[in-house]
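Asks: dropping the sequence and predicted coords here.
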Amino acid sequence: MIRTARPQRTEPAERVERTLRCWGEQPECEAIAVEPADGRLFVFPKSHLLFAEYEGAAAVETVRLTFSSHEVTVSGHGLRAFAVAIQTGTVSWVKCFSSAFGPLLNSEAGYVTRLKVVRTDMPPDSETVHERLESDGILT
């Protein structure tokens, strides 16, 4: 069979984005999902956000989010836009991708290299319920 005409190529209605974003915005969302690289997922109500602090003087920028029971430290590059989105209340999630995704990260929008979540409502020397049950011989 001989083809006389090539099929015309059509452009898709929407262009597929080939980059990954490290945070998303959804103004009506009432919580912020935080997903560190270790696979855990934390969901914090926006109403529990006490304050946010942006530090951009160092080689790695940081945004510190202090909630009523946890402190979340977001480290990366180009995070000023993320801090502004926190201020306007539009951030709905933030995620840390491994360095293997480097070429796909949207460097213009900024990207997260590390997420650290620390519980702040418990003194550092207090034992957890799990530790207490273990010491009482209830859990082994």
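Replies: All right, it came through fine.

Asks: show me where pLDDT drops low in the protein?
Replies: 1-20, 98-109, 123-140 (pLDDT under 70).

Asks: phi, psi for Gly89 please.
Replies: The phi and psi values for Gly89, taken as degrees, to the nearest 10, are phi 80, psi 20.

Asks: that one and Ala58, how far apart?
Replies: 26 Å (Cβ to Cβ, to the nearest Å). Any C-beta I mention is one placed from the backbone N, CA and C, and that applies to glycine too.

Asks: quick one, which of those two is more surrounded?
Replies: Remark: of Gly89 and Ala58, Gly89 carries more neighbours, 15 against 8, as counted by other Cβ atoms under 10 Å.

Asks: burial measure for the closest residue to Thr120 other than its chain neighbours, as a count.
Replies: The shortest distance from Thr120 to any non-neighbouring residue, by Cβ to Cβ, 6 or more residues apart in numbering, is to Glu71 (5.2 Å). For Glu71, the tally of surrounding residues (other Cβ under 10 Å) stands at 14.

Asks: am I right that Glu71 is in a strand?
Replies: Yes: according to DSSP: H, G, I helix; E, B strand; the rest coil, Glu71 belongs to a strand.

Asks: wouldn't it be in contact with Arg64 here?
Replies: Yes: counting by Cβ atoms under 8 Å, Glu71 sits close enough to Arg64 to count as a contact (6.5 Å).

Asks: beta partners of Phe67?
Replies: Beta bridges link Phe67 to Leu49 when assigned by DSSP bridges.

Asks: excluding sequence neighbours, find me the nearest residue to Thr66.
Replies: Closest to Thr66 by Cβ to Cβ, 6+ apart is Leu50, at 4.7 Å.

Asks: contacting residues for the one you found?
Replies: Thr66, Phe67, Ser68 (Cβ atoms under 8 Å, 6 or more residues apart in numbering).

Asks: now do Gly76
Replies: For Gly76, the contacting residues are Cys22, Val60, Glu61, Gly110, Tyr111, Val112, Thr113, Arg114, by Cβ under 8 Å, 6+ apart.

Asks: what do you get for Phe42?
Replies: Going by Cβ under 8 Å, 6+ apart, Phe42 touches Ala33, Val34, Glu35, His70, Val72, Val117.
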